[in-house]
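Undergrad: just a sequence and a predicted model for now, questions to come.
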Amino acid sequence: MIYLFQVLNGIGLGMLYFLLAVGLSVVFGLLQFVNFAHGAFYLLGAYLTYDLTTRGFSFWLAMPMATLIVACIAAVIEALLLHRIYKLPHTFHILVTVGLALVIQEMVIIAWGPLGGSVPAPDGLQGVVIWGDFIYPQYRLFTIGLTAVLAGLLWWLLEGTRLGAIVRGGSESPSNMALLGYNTLRINTAVFGFGAGLAGLAGALAAPIRGVEPFMGIEALSVAFVVVVIGGMGSYTGALVAGLLVGVVQSVMTTLWPEGARLMIYIGMALVIALMPRGLLGRA
Amino acid sequence: MTDIALQTRGLGVKYGNFHALSEVDLQIRRNSVHSIIGPNGAGKTTLFHALTGRVRPSSGRIELDGRDITDTSDDDRVRLGIARSFQVTSLFPNLTLRENLRLAAQGRTPWQALAPWRRAEANAEALDIADGVIDRLALGKVTGRLAGELSHGQQRRLEVGMAMAARPRVILLDEPTSGMGIDDIEVMKDLIRDLGHDHTVLFIEHNMSIVMNISDVVTVMRLGRKLVEGPPAQVRDDPEVQRAYLGNMITGDIA
Amino acid sequence: MNPLDKPFAQLALVLVTVLALPLFLKSGILATEILIFAMVVAACNLLLGYTGLLSFGQGIFFGIGTYVAGIFLTRWSVPVPLVLAGAAILGAATATLVGWLSIRRQGVYFVMLTLAFSQLFYFMAYTFSGVTGGDNGLLGVPRPAIGGNALDGPWSYYTYVAVCFVVIFALLVMVTQSTFGRTLLAIRENEGRAAAIGFPTKLFKIEAFAISGAVTALGGALHAMLIGVAPLSNIEYHTSELILIMTIIGGSSSLFGSVLGAGFYLLLADALSTIWPRWLLLLGLVLVAVALFLQGGLWGLVVRGYDLIFRRDRAPNTSAEEH
């Protein structure tokens, strides 16, 4: 029964990792740009939710607002700064986004202090679900449900719509897109905001589960990297499978070997890379 | 020693379900100039990739001087005496011309280069080879220039020189004249003919004037298969070749 | 080539730096820290500038060196030279493993893998706190002793580190000048061609990793002896980030650029952190500014300044020569 509990926890966690990885992946797909500030957007999403709920807003309002604010901030950063550096080598993409991550992290500390805090589960989801002798928190169940719906929406968006086609088409040749009459600049800005918004949303949803602290961004970033490395960047299915796998491994290990749970994520990644250099689904 | 330097038997390469090359039997005579022609998509470059070990054949075998090298890795084949140039110029643009050639010469003995205390200049042999190639390419005036700053014609010659510096017995040239002006083409033509005296030259070329002028043997490929093979005059007059498609791929006059 | 990029010019600049730091800095600790990081950053530069590998995992090797010093000096009192050699060997071995796994993927995946590996080693150090002291680190790491006297004064230890630094820097210059180093440049320029002319490129990359890991671990061991602790923070993500930032700010086209990068960062940190604890915010802005306006890093600035002053006649020549 404890395992069922941990597997469910892992699925919830894994879905958040999936959101993070898809956000990273979408931006990379369109812009060939690895966003090292992705974790900082996650951090910002969590803190904005924390801030809004402590000000008395309902979580149901705070979560979408936080997501939207993060997306807007990211879009502004893209429009003002990032589009200038796409042509530079990856080194400078990394330098700029590492710099941005530092700025965001420090601003979070200035605004909310270095100690962090907790976010209560939202109204209506503070209780537990009881099936026979199995007891599970309602909020965690809710995140699984919500992220599953979001995953469906994302699948439709990326695989079934024009936006998805643009994102995939863009990764092949940006100039072709311009020829087709798309305003690439505006699409770049929108997609970057969208990717960051997904990270913000993951942060908002994670806040009531794990609380907030200023260094949660780095960890989210590196877990997103692990998911992307073993699932393959630009692969929706890969991100889903790898995200769930990482979440479940981490969660189950929490029971078996609490101190080593997070270590096992990375050991697992090292094993995958040693045995299957091209990742789980064998894509490049 | 046989008279055949390089030979393939039933060579095939598959990319997924696509047969890029099938059932290719080639015999390249020692110290001959052997050209491969055919329309785009005929499998010419794939053939080169297979011969140099960049792609693994899905069937058949490759022999160098009678020795089976089908499963030999690409860097091992360089040491066995196969070197190639690329259709798209692929140099070290921020290194000097001489350094490009020195590296290519050092590539025959790469393990030596793993010693982090050995000075590059200590390998006098590699430097001699590089200078020899520079003379043969007539690029003596620009040895200190960065490869990326050379003119297109000079870069194409250096591209061939990179293969020469490995001191191969078999040298594979992939469209050595691509994008060249008329004067440069003449220089390249002389160079390839000259290489044929002491190398086995296999080259892909679209310029018929060069092919017909300097080849000992011409192989015509189409859709991954060998269509016709023979001396230039015979291939040129082959009605099937002419009718089928030679007519619409001639880019130069037949001399 | 700019005369300042020549090996002897680089060595001369390093000697001048080592002699000048005591004249300009009050704190021997800070001066020593600059030299230690200069060494570590130069090792990172061997990967970034010479091989084209952006490693986000240098903190792994730094941390390993730190723990080797911490464990062997506090528990078994092993002689310092042996400890340094052990740190270098273990650093090289770890770097070989991390490098071998990371170069299986290319480009940004490679960078992500190195970052993920830095997390792996951090959590390993965190988890096995019996060995590493966990959050507290290993306390009471002694300084080396010469002729029975421990080098407890800040400037006496500075001298010790300075000797190590000059030797290591000279060795790194030798590596970059060697046929090995020049092959690394070729791999950075065009890996496909380097393989096509016969070089087993993966082996060269792994060797570059091993050398970089050895030097970085040596620096980590010296650092533990400097601050008297082997802290968990030395193997953290932030250490990897720090080393990389110093490398890029300094400029990756020359080894001495790394000395500039380390010096600039640590002096800035020293000056600003006392004034404003949130100074990293300013650092973030500096990084953005470097990417936009100073892509050659500080070394690029030095070379440009040098050309402006001493080679005014040469400058227009280079553009005219192209025709």
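TA: Right, received. Where do you want to start?

Undergrad: where's the residue of the stretch 101-250 of chain C found nearest chain A, which helix or strand?
TA: Nearest residue of the stretch 101-250 of chain C to chain A (C-beta to the nearest C-beta) works out as C:Leu120 at 3.4 Å. In short, each C-beta sits where N, CA and C put it, glycine included. Per DSSP states H and E: C:Leu120 is located in helix C:107-127.

Undergrad: and the next helix or strand past that helix?
TA: helix C:129-132.

Undergrad: so whatever residue of the stretch 151-255 of chain B ends up closest to chain A: helix, strand or coil?
TA: The stretch 151-255 of chain B approaches chain A most closely through B:Gly179 (21.3 Å), counting by C-beta to the nearest C-beta. Classification of B:Gly179 using DSSP: H, G, I helix; E, B strand; the rest coil returns coil.

Undergrad: I'd say it and B:Glu159 touch.
TA: No - between B:Gly179 and B:Glu159 there is no contact under C-beta atoms under 8 Å: 11.0 Å.

Undergrad: who's more crowded, those two?
TA: B:Glu159 (25 against 13; other C-beta atoms under 10 Å in any protein chain shown).

Undergrad: could you list the contact residues of the stretch 101-250 of chain B toward chain C?
TA: B:103-104, B:106-108, B:110, B:112-120, B:122-123, B:149, B:162, B:165-166 (C-beta under 8 Å from any C-beta of the partner chain).

Undergrad: how many neighbours does the residue of the stretch 1-150 of chain A found nearest chain B have?
TA: In the stretch 1-150 of chain A, no residue comes nearer to chain B than A:Pro89, which is 13.2 Å away by C-beta to the nearest C-beta. A:Pro89 has 12 neighbours, counted by other C-beta under 10 Å.

Undergrad: state the pLDDT value of it.
TA: pLDDT for A:Pro89: 87.

Undergrad: how far away is it from C:Ile248?
TA: Note on A:Pro89: its distance to C:Ile248, by C-beta to C-beta, to the nearest Å, is 11 Å.

Undergrad: for chain C, what spans make up the strands?
TA: Assigned by DSSP state E, the strands in chain C fall at C:138-139, C:145-146, C:149-150, C:229-230.

Undergrad: would you format those strands as a markdown table with mean neighbour count, distance to chain A and mean pLDDT included?
TA: Listed next are these as a markdown table, based on neighbours: other C-beta atoms under 10 Å in any protein chain shown; distance: least, C-beta to the nearest C-beta, whole Å; pLDDT from 0 to 100:
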| stretch | mean neighbour count | distance to chain A | mean pLDDT |
| --- | --- | --- | --- |
| strand C:138-139 | 18 | 18 | 92 |
| strand C:145-146 | 12 | 37 | 84 |
| strand C:149-150 | 11 | 36 | 81 |
| strand C:229-230 | 26 | 19 | 92 |
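
Undergrad: out of these, which is closest to A:Ile265?
TA: Among the strands of chain C, the nearest to A:Ile265 by C-beta to C-beta is strand C:229-230 (25.0 Å).

Undergrad: CA atoms only: put stretch B:182-198 into CSV for me.
TA: C-alpha atoms of stretch B:182-198 as CSV (Å, rounded to 0.1, in the frame of the first residue of the first chain):
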residue,chain,number,x,y,z
ILE,B,182,37.2,27.9,-65.4
ASP,B,183,40.8,28.7,-64.6
ASP,B,184,40.7,26.8,-61.3
ILE,B,185,39.1,23.8,-63.1
GLU,B,186,42.1,23.5,-65.4
VAL,B,187,44.5,23.5,-62.5
MET,B,188,42.4,20.9,-60.7
LYS,B,189,42.3,18.7,-63.9
ASP,B,190,46.1,18.7,-64.1
LEU,B,191,46.4,18.0,-60.5
ILE,B,192,44.1,14.9,-60.6
ARG,B,193,45.9,13.6,-63.7
ASP,B,194,49.2,14.1,-62.0
LEU,B,195,47.9,12.2,-58.9
GLY,B,196,47.0,9.3,-61.1
HIS,B,197,50.8,8.6,-61.6
ASP,B,198,51.5,7.6,-58.1
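
Undergrad: centroid-wise, who is the farthest residue in chain A?
TA: A:Gly132 (34.1 Å; C-alpha atoms, centre = their mean).

Undergrad: which residues touch residue 216?
TA: In the absence of a named chain, chain A is used. Residues near A:Met216 by C-beta atoms under 8 Å, 6 or more residues apart in numbering or on different chains: A:39, A:42-43, A:46, A:203, A:206, A:210.

Undergrad: nope, chain B
TA: Counted by C-beta under 8 Å, 6+ apart, B:Asp216 has contacts B:29, B:32-34, B:196, B:231.

Undergrad: returning to what we had before: contacting residues for the residue nearest to the residue of the stretch 151-255 of chain B closest to chain A when sequence neighbours are not counted?
TA: Nearest residue to B:Gly179, sequence neighbours excluded (C-beta to C-beta, 6 or more residues apart in numbering or on different chains): B:His152, at 6.0 Å. Residues in contact with B:His152 (C-beta under 8 Å, 6+ apart) are B:179-180, B:184.

Undergrad: count of residues packed around the nearest residue to C:Thr176 once chain neighbours are set aside?
TA: Leaving aside its sequence neighbours, C:Thr176 sits nearest to C:Tyr50 (C-beta to C-beta, 6+ apart; 5.9 Å). Per other C-beta under 10 Å, the neighbour tally for C:Tyr50 reads 24.

Undergrad: hang on, isn't C:Tyr50 packed against C:Ala208?
TA: Yes - if you go by C-beta under 8 Å, C:Tyr50 and C:Ala208 touch, sitting 7.2 Å apart.
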